[in-house]
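K.L.:
Mind looking at a prediction? Sequence and model below.
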Amino acid sequence: MAKVFGLTRKSILKGWPLVGLIGVGLTVVALGYGGATGNIETTGCRVVVQGDQVTVRSAPSSSASPVATIPGGTEVEAETIVDSGWRRLAEGDRWVPVDSVAATSGSRC
């Protein structure tokens, strides 16, 4: 059986060598998600209002109370949450119809 750094295949898959392999794997995953660089964003989702304006509602329903209006062309922070055709905006219970906004370039919505 071939040895790598004095370890056989069986000895790599148990004890401290296994802990080391798991640690390397978790580090790679963390770097892939930006955890070691501080680049993790809370949402990473920005949308732009389509049309003349959109009414922001307090819940994902057209019968929910209107809380604001946003003019067309305005970019706002949003969340990745979509419920029954409504997208949740950042900062509180604020919802807009999903077809009234579009993700901006580079957004992760």
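P.N.:
Right, received. Where do you want to start?
K.L.:
could you give me the average pLDDT of the strand or helix carrying G23?
P.N.:
According to DSSP states H and E, G23 maps onto helix 15-32. Mean pLDDT, helix 15-32: 72.
K.L.:
just stretch 84-103 next, same as before
P.N.:
Throughout stretch 84-103, pLDDT has a mean value of 95.
K.L.:
Mind listing what's buried along it?
P.N.:
For stretch 84-103, a neighbour-count test (16 or more other C-beta atoms under 10 Å) marks 86-89, 94-96, 98, 100-101 as buried. Quick note: C-beta positions are derived from backbone N, CA and C, even for glycine.
K.L.:
which of these lies closest to V24?
P.N.:
V24 has its nearest neighbour among those in R88, at 37.0 Å by C-beta to C-beta.
K.L.:
got the contact list for the helix or strand hosting that closest one?
P.N.:
Counting by DSSP H and E, the element that carries R88 is strand 86-89. By C-beta atoms under 8 Å, 6 or more residues apart in numbering, the surrounding residues in contact with strand 86-89 are 47, 56-57, 60-61, 76-79, 81-82, 94-98, 101, 109.
K.L.:
measure stretch 76-93 end to end?
P.N.:
Start-to-end span of stretch 76-93 (C-alpha to C-alpha, to the nearest Å) is 14 Å.
K.L.:
So that it lines up with my notes, have the first residue be 28 from now on.
P.N.:
OK, 28 is where the count begins now, so the last one is stretch 103-120.
K.L.:
For that stretch, what is the distance to the chain centroid?
P.N.:
What separates the centre of stretch 103-120 from the centre of its chain is 12 Å, taken as C-alpha atoms, centre = their mean, to the nearest Å.
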